[in-house]
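J.: Starting from these lines, generate the structure:
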Amino acid sequence: MSADNSQQLTATKAFKFNPFNKEFHANPYPTYHRLRSEEPVHQLFVGGDWVLTRYGDVKAVLRSGLVRSHDQSELIQQKNQYLQDKGKNLNALVHISNKFLFYINPPDHTRLRGLVVKAFSPTVVERMRPRIQEIVNDLLDQVRNKGTMDVIADLASPLPVTVIGKMLGIPNEAQNQLHQWSNVLSRILDSLVSVEEYEILNKAIEEFQEYLRDLVAKREKDPQEDLISALIAAREENERLSQDELLATCILLFMTGEETTVNTIGNGILALLQHPEQMKTLIREPTIIQIAVEELLRYDSPVQMTKRIVIDNLEIGNQTIQAGEKIILCLGSANRDPAQFANPDQLNFNRCENNHLAFGDNIHYCLGASLARTQAQIAINTLVQQLPDLKLASDKLEWRKNMVLRGLKTLPVTFTCR
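T.: Below is the predicted model:
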């Protein structure tokens with residue numbers, strides 16, 4: 001073996017991927033590139049989970065039928081046992097989280113998803129487009145005379161809160177509180193959460209459930225044209241939906257429906273600000289917005305990772321992953337894989353066959369993907385058309401404390417008052 005090859009092998013072996021590293025959190029893509037090049041089937045030094053970063057591997061595993069969804073409630077139950085020994089508990093969090101769609105598998109997953117999927121179909125979502133446009137216009141009217149705005153706080157965040165709230169039948173005055181609970185609960189997706197944080201999550205779940213129980217009781221007496229009323233009707237039909245499943249589904253829809261949309265809009269606007277030529281292209285050609293949003297989703301995906309458990313031995317890249325072991329599928333890395341996308345680190349609105357994995361794949365494909373896309377299309381296009389001279393107000397970007405989801409805390413911009 002040559003000296004150069006020996007040094008390269010040593011460097012490769014020395015690489016220990018740390019998904020909690022601050023530099024990785026700020027910009028994961030250089031690390032993804034190194035993993036794809038040096039060790040695309042990587043085993044974490046701590047915990048032993050496998051990490052897959054190539055597009056082909058990630059897509060194949062999602063479609064393999066040899067994995068099941070990772071049940072985070074198992075980890076929460078371990079934390080719960082620890083707290084119970086100290087006279088505390090996470091009972092509400094354990095009880096509800098094991099009914100979240102992204103943690104359950106068929107046949108329960110098939111049954112629950114079937115009850116709500118029609119409400120998020122492209123046809124239904126398309127009918128919502130005029131109302132979404134009205135909401136975006138109203139939000140921009142509140143800032144257009146200020147010359148500055150926070151894209152997250154003033155647009156990306158309130159938009160899905162209003163839209164999902166309307167779908168579920170949440171009164172306007174309660175939507176801000178549900179938004180706060182949802183922000184807290186988004187941390188449930190991560191693996192490294194302290195016991196203290198889990199206690200905060202448990203309190204949020206308790207309060208969220210209490211609110212929803214009261215609302216469900218009102219809808220039982222006086223049904224409305226909303227999703228909660230529809231779910232109540234489904235529950236009463238052959239008892240296909242339990243009370244706990246109804247509450248868990250409502251919490252999940254509000255939580256994930258908001259998070260994916262906020263991150264899609266925020267990450268998308270940031271990418272445009274960092275690529276002014278593409279911004280100019282979109283301003284000149286607003287009809288390309290659907291293609292543009294797909295490329296923005298690929299370029300900086302709102303969901304970076306998802307975890308699965310192997311149910312039968314899996315052969316990937318000369319490695320055998322044993323049944324029972326866990327796999328972290330890096331969607332963000334797959335969407336920057338040069339084997340699938342030419343010049344993947346380039347934002348390109350002329351990209352053909354953009355089959356990205358931003359919303360996952362197969363049975364756990366994001367339920368609200370169509371709604372998130374539509375809101376992003378309207379919000380991003382309206383913003384750049386109405387305020388075409390947007391500029392970053394600060395180079396210091398702070399990302400939210402979340403490993404699975406990728407999104408900014410704030411995105412301050414300036415523009416000419418209109």
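J.: how about low-confidence regions in the stretch 151-300 of the chain?
T.: When the per-residue scores of the stretch 151-300 of the chain are filtered using pLDDT under 70, the ranges that remain are 191, 236-239.
J.: can you pull out the helices in it?
T.: If you assign secondary structure with DSSP state H, counting those that start in this stretch, the helices in the stretch 151-300 of the chain sit at 151, 158-168, 175-185, 195-221, 227-236, 243-274, 276-284, 289-299.
J.: right, and Leu272 touches Leu387 too?
T.: No - look at Leu272 against Leu387 with CB atoms under 8 Å: they stay out of range, at 11.7 Å. Bear in mind the C-beta positions are built from the backbone N, C-alpha and C, glycine included.
J.: Of these two, which one has the most company?
T.: Leu272 (23 against 19; other CB atoms under 10 Å).
J.: Quick one, which of the helices of the stretch 151-300 of the chain gets closest to Gln142.
T.: helix 158-168 (9.5 Å; CB to CB).
J.: now the closest one, how far from the centre of its chain.
T.: Offset of helix 158-168 from its chain centre (CA atoms, centre = their mean, to the nearest Å): 16 Å.
J.: In terms of secondary structure, what does it contact?
T.: Helix 158-168 sits against helix 129-141, helix 175-185, helix 227-236, helix 243-274, helix 369-386, with contacts defined as 3 or more CB pairs under 8 Å, 6 or more residues apart in numbering; DSSP states H and E.
J.: let's see it at 10 Å
T.: With contacts taken as 3 or more CB pairs under 10 Å, 6 or more residues apart in numbering; DSSP states H and E, helix 158-168 sits against helix 122-127, helix 129-141, helix 175-185, helix 195-221, helix 227-236, helix 243-274, helix 369-386.
J.: and the longest one, which residues are buried?
T.: The one in question is helix 243-274. Going by neighbour count (16 or more other CB atoms under 10 Å), the buried part of helix 243-274 is 245-273.
J.: Find the nearest non-adjacent residue to Leu397, please.
T.: When the adjacent residues along the chain are set aside, Leu397 lies closest to Leu408, with 6.2 Å between them (CB to CB, 6 or more residues apart in numbering).
J.: was I right about Thr249 contacting Gly114?
T.: No - in this structure, Thr249 is not within contact of Gly114 by CB atoms under 10 Å, at 11.7 Å.
J.: Mind listing the shared neighbours of the two?
T.: Contact criterion CB atoms under 10 Å, 6 or more residues apart in numbering; residues bridging Thr249 and Gly114 by contacting each: Ala234.
J.: circling back: would you format the helices and strands packed on helix 158-168 as JSON lines with distance to Cys352 included?
T.: Putting the helices and strands packed on helix 158-168 into JSON lines (distance: least, CB to CB, whole Å) gives the following:
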{"stretch": "helix 122-127", "distance to Cys352": "22"}
{"stretch": "helix 129-141", "distance to Cys352": "26"}
{"stretch": "helix 175-185", "distance to Cys352": "36"}
{"stretch": "helix 195-221", "distance to Cys352": "42"}
{"stretch": "helix 227-236", "distance to Cys352": "37"}
{"stretch": "helix 243-274", "distance to Cys352": "19"}
{"stretch": "helix 369-386", "distance to Cys352": "19"}
